[in-house]
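> the following block contains a protein sequence and its predicted model.
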Amino acid sequence: MARKTKAVDHMVNRMSKRRLVDERAAAKATPAKPAVKDHVESDSEEEVKPRPCFRFFDLPFELRLRVYEELLVFPKTIDLDPENFSLVAPALRLFLVDRRTHDEASRVFYGLNTFRVFPIHGRYINRKHPLLAWLPRKYRAHLTRLELRLGPGFTKPPKCWVVDSRLGLAAVKKVYRLKVFVEIDPASNQVFEGWRVGNNFYTEYCVGLLRGLLAQVPSVNDVEFDAYPSVSKSSPLLKGLIEETKLNQKRVAWGPTRGWDAIVEVDLAGVLQKMGLGAL
């Protein structure tokens, strides 16, 4: 019986030593796991590490100017319009980046776009203060192109369409081109009979607006005329505007809509009659 007890004790002792050896071996093997964890953490840190900022101002000014033009120059004339919130306002967030970006971008936006003198949208046409009146003086100093659109409200011109100090034209020193777009001429067609206020009322009214603008913005060199197809080059309104432009010694230019600079308008009936083809 004593031999059996010794044998059992010997077996338990061996098993205990064996277990201790296994635990020590396992303890030596476990430190390898933190190394893998550290490697994973280092990879994650590399992924989270932010990319270096693009040094925009290291570009030459010519390239920066090109970027500003792509973002801030619009094909349509800038005016008081409900679509400004979705079309123009997002681009103007560029002004909020920093002072230097604001200075460069504002010169491009106000210097390369065309701004309408009086609003024509139905919501704003009777507003007391047009777009130019809302612009700060420092921005008006960058303007180079203005547009006068004629035709809306020809039966009763809006009271706010007056060339006075509200427009702040005293600060406009760089405008070299004034675009005049004629939508309709009430004096050129009998279809407006009964709607127009006299034959010459609207013509004299529009000529007065042009005269006031040219007087208050002496920096204008070119007056560009354009119109819808219903308005001919020989219409009373257009003739009066061109005559006023020449009296102020400004150069007459033609806009792209009608292509008057490429097409010569002629009296076809008169030409045929001179050629002896009037009976054809």
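Structure received.
> only C-alpha atoms for contact and neighbour calcs from this point on.
Fine.
> Asn84: neighbouring residues, count only.
Neighbour count for Asn84, taken as other C-alpha atoms under 10 Å: 12.
> mind checking how far it is from Pro229?
Between Asn84 and Pro229 the computed distance is 28 Å (C-alpha to C-alpha, to the nearest Å).
> before we move on, what about Thr77?
20 Å.
> looking at it, Lys233 is touching Lys239, isn't it?
Yes. Judged on C-alpha atoms under 8 Å, Lys233 makes contact with Lys239 at a distance of 7.3 Å.
> which of the two has more residues huddled nearby?
Neighbours per residue, other C-alpha under 10 Å: of Lys233 and Lys239, the larger number sits with Lys233, 18 against 15.
> that one in helix, strand or coil?
Assigned state for Lys233: coil (three-state reduction, DSSP: H, G, I helix; E, B strand; the rest coil).
> next one: Cys206
Here Cys206 is recorded as helix under three-state DSSP.
> can you tell me which residues contact it?
150, 237, 241 (C-alpha atoms under 8 Å, 6 or more residues apart in numbering).
> ok, and the most crowded of those?
Counting neighbours by other C-alpha under 10 Å, Leu237 leads those with 26 neighbours.
> quick one: neighbours of the nearest residue to that one once chain neighbours are set aside, just the number.
Counting by C-alpha to C-alpha, 6 or more residues apart in numbering, Thr203 is the residue found nearest to Leu237 once chain neighbours are left out, at 4.9 Å. Thr203 has 22 neighbours, counted by other C-alpha under 10 Å.
> helix/strand/coil for Thr203?
Thr203 ends up helix, using three-state DSSP.
> quick one: low-confidence residue ranges for the chain.
1-48, 190-197, 262-280 (pLDDT under 70).
> tell me which helix or strand the spatially most central residue of it sits in.
What sits nearest the mean C-alpha location of the chain, by C-alpha atoms, centre = their mean, is Phe74, with 4.1 Å. Taking DSSP states H and E as the definition, Phe74 sits outside all helices and strands.
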